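**Q** no FASTA, just this:
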């Protein structure tokens, strides 16, 4: 059999990486859609008991957290399953799972059913987020890993932006149920395409000792084998994989700090995406105007993360994540200073960079911090344990609003959480792989 020359292998690699990035990004678009769709419809539930029954701010906060509990469960399960069974299988199963969950949620008739179906959907979303980041990190070329991660994870704020935009344009006509039906579309669109075009990870096959399969896939995709795969010691003396390696002495402290860092970021992401429209309604804006702030928040996240990722590839992700946490905290304080509408929208876009945009950078930081046979578990830990912050975000918002706290004081509380994120980021030690080099 003829051996492909370098230019042909590079063309194959480009096609493969392009497909991986496109499919991963579109998958995470629907994760972002799921993130915001509840925030877009919660005001309807609060004001119309005929939809799923009476919903108070406290109940709304709990309902918002059900999906996050599911995300946490799904991410933690995917950490073990993805490192043992492979990235591709988990990603395909996740597409099917959360699509079915969104469709069933559209049929909910009371708060109990709605909450359980949000939990069910969250399991699929969580497993997708954890596994996608690991696969993308293993296909992204060196020197562009943070940029590729930002493009892919940019699907999350893009989906959030899409959800807010569709709510503004369509919810008066299709209602909240129609919004959830839209979220089920991957079952008949993305899943069939990914079945044929989403490859397994070459690095994962090599790390599992399946070198013949890894070499065959490497030739077919143009993606080179990891350097360690050429060493006999890599197959005969493998380091601990999955969560066993994650919580070994090698990674224990950074794992704990990265988990707390992710949780802190997700408190900000989910509190704002769930409650920002309601906060702006209470500030005097109308329903569509308040949803516009959600649109701008996620637009700022998308473009801000892409810009920041260029600096992360150049200077490393740690100082950039610390900087974006700081920017977000400052912007939250600026929201209290009474700027005119144009100024408020610009500041909200910066808040998007410092919250959802920061979380995008955190996933890239984590995915490239760990070695291959621990990577899936590492991303799953930060996506799963981090969801404790996501679970707390909607509940924090409901607590602050339910106690009658003034709008400015709520933004000060959120800014303080951003400062805590800066401190945690600075505590993360140098990557062990970087230290060994």
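**A** That came through fine. These numbers come from a predicted model, not from an experiment. Numbers count the residues shown, from 1 in each chain.
**Q** flag the shaky bits of the stretch 201-350 of the chain, pLDDT-wise.
**A** Under the criterion pLDDT under 70, the flagged ranges of the stretch 201-350 of the chain are 227-242, 286-290.
**Q** contacting residues for the residue lying closest to residue 350 once chain neighbours are set aside?
**A** Distances taken as Cβ to Cβ, 6 or more residues apart in numbering put residue 331 closest to residue 350, at 4.1 Å, once the chain neighbours are dropped. Any C-beta I mention is one placed from the backbone N, CA and C, and that applies to glycine too. Residue 331 sits next to 347, 348, 350, 351, 353, 354 when contact means Cβ atoms under 8 Å, 6 or more residues apart in numbering.
**Q** for residue 213, see how far away residue 331 is.
**A** To residue 213, residue 331 is 48 Å away according to Cβ to Cβ, to the nearest Å.
**Q** check residue 111 too.
**A** From residue 111 across to residue 213, the span is 48 Å (Cβ to Cβ).
**Q** the more surrounded of the two?
**A** residue 111 (19 against 14; other Cβ atoms under 10 Å).
**Q** distance of that one from residue 54?
**A** For residue 111, the distance to residue 54 - Cβ to Cβ - is 8 Å.
**Q** quick check on residue 208: phi, psi?
**A** When read as degrees, to the nearest 10, the backbone of residue 208 gives phi -90, psi 0.
**Q** now it: closest residue in space, sequence neighbours ignored.
**A** Nearest non-adjacent residue to residue 208, counting by Cβ to Cβ, 6+ apart: residue 373, 7.5 Å away.
**Q** which strands and helices sit next to the strand or helix carrying the one you found?
**A** Using DSSP states H and E, residue 373 falls within helix 372-384. Packing partners of helix 372-384 (3 or more Cβ pairs under 8 Å, 6 or more residues apart in numbering; DSSP states H and E): helix 57-85, helix 111-139, helix 202-207, helix 242-246, helix 252-282, helix 358-367.
**Q** so which of the ones you listed gets nearest residue 409?
**A** helix 252-282 (11.6 Å; Cβ to Cβ).
**Q** continuing past the closest one, what's the next helix or strand?
**A** helix 287-315.
**Q** C-terminal to that next one, what's the next element?
**A** Trace forward from helix 287-315 with DSSP H and E and the next one is helix 317-334.
**Q** and the helix holding residue 373, how far from the chain's centre?
**A** From the chain centre to the centre of helix 372-384 is a distance of 13 Å (Cα atoms, centre = their mean, to the nearest Å).
**Q** between it and helix 57-85, how many degrees?
**A** Interaxial angle, helix 372-384 versus helix 57-85 (axes from the mean of the first three to the mean of the last three Cα atoms, to 10 degrees): 170 degrees.
**Q** and the angle from helix 372-384 to helix 358-367?
**A** Going by the same axes, to 10 degrees, helix 372-384 makes 150 degrees with helix 358-367.
**Q** could I get the average pLDDT for helix 372-384?
**A** Mean pLDDT, helix 372-384: 79.
**Q** can you tell which of the helices and strands packed on helix 372-384 is closest to residue 16?
**A** Closest among those, once you apply Cβ to Cβ, is helix 111-139, at 7.0 Å.
**Q** just the mean pLDDT for the longest helix along the chain, thanks.
**A** Longest helix of the chain, by residue count under DSSP state H: helix 6-47. What helix 6-47 shows for mean pLDDT is 85.
**Q** likewise stretch 393-402?
**A** When pLDDT is averaged over stretch 393-402, the result is 81.
**Q** quick one: it to chain centroid distance?
**A** Relative to its chain's centre, stretch 393-402 lies at 21 Å (Cα atoms, centre = their mean).
**Q** name the residues of it that are buried.
**A** 393, 394, 395, 396, 397, 398, 400, 401 (16 or more other Cβ atoms under 10 Å).
**Q** now, those residues that are in helices?
**A** Per DSSP H, helices hold the following members of the buried residues of stretch 393-402: 393, 394, 395, 396, 397, 398, 400, 401.
**Q** could you dump those residues to JSON lines with distance to residue 73?
**A** Shown next, in JSON lines, are those (distance: Cβ to Cβ, whole Å):
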{"residue": "393", "distance to residue 73": "17"}
{"residue": "394", "distance to residue 73": "17"}
{"residue": "395", "distance to residue 73": "17"}
{"residue": "396", "distance to residue 73": "21"}
{"residue": "397", "distance to residue 73": "22"}
{"residue": "398", "distance to residue 73": "22"}
{"residue": "400", "distance to residue 73": "26"}
{"residue": "401", "distance to residue 73": "27"}
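**Q** and the two most separated of those residues?
**A** 393 and 401 (12.7 Å).
**Q** what sits against residue 137?
**A** Taking Cβ under 8 Å, 6+ apart, one finds 145, 149, 364, 367, 368, 375, 379 in contact with residue 137.
**Q** for ChimeraX, what selects the buried ones among the residues you listed?
**A** Buried residues among these (16+ other Cβ under 10 Å), as a ChimeraX selection:
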select :145,149,364,367,368,375,379
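**Q** now flag whichever of the contacts of residue 137 is closest to residue 73.
**A** Minimum distance to residue 73 across the contacts of residue 137 is 15.3 Å, recorded for residue 379 (Cβ to Cβ).
**Q** pretty sure that closest one sits against residue 135.
**A** No: at 9.7 Å, residue 379 does not count as touching residue 135 under the criterion of Cβ atoms under 8 Å.
**Q** quick check: which helices or strands does whatever helix or strand residue 217 lives in pack against?
**A** Here residue 217, judged by DSSP H and E, is contained in helix 211-221. Packing partners of helix 211-221 (3+ Cβ pairs under 8 Å, 6+ apart): helix 6-47, helix 202-207.
**Q** do that again at 6 Å, thanks
**A** Judged by 3 or more Cβ pairs under 6 Å, 6 or more residues apart in numbering; DSSP states H and E, helix 211-221 is in contact with helix 202-207.
**Q** show me what the helix it packs on is packed against.
**A** Packing partners of helix 202-207 (3+ Cβ pairs under 6 Å, 6+ apart): helix 211-221, helix 372-384.
**Q** please work out which of those helices is packed deepest.
**A** helix 372-384 (a mean of 30; mean count of other Cβ atoms under 10 Å).
**Q** measure the closest residue in space to residue 355 that isn't next to it in sequence to residue 392 for me?
**A** Using Cβ to Cβ, 6+ apart and skipping the chain neighbours, the partner closest in space to residue 355 is residue 268 (4.2 Å). According to Cβ to Cβ, residue 268 stands 11 Å off from residue 392.
**Q** pick out whichever of these two has more residues nearby.
**A** residue 268 (28 against 20).
**Q** and residue 434, what pLDDT?
**A** pLDDT, read off for residue 434, is 43.
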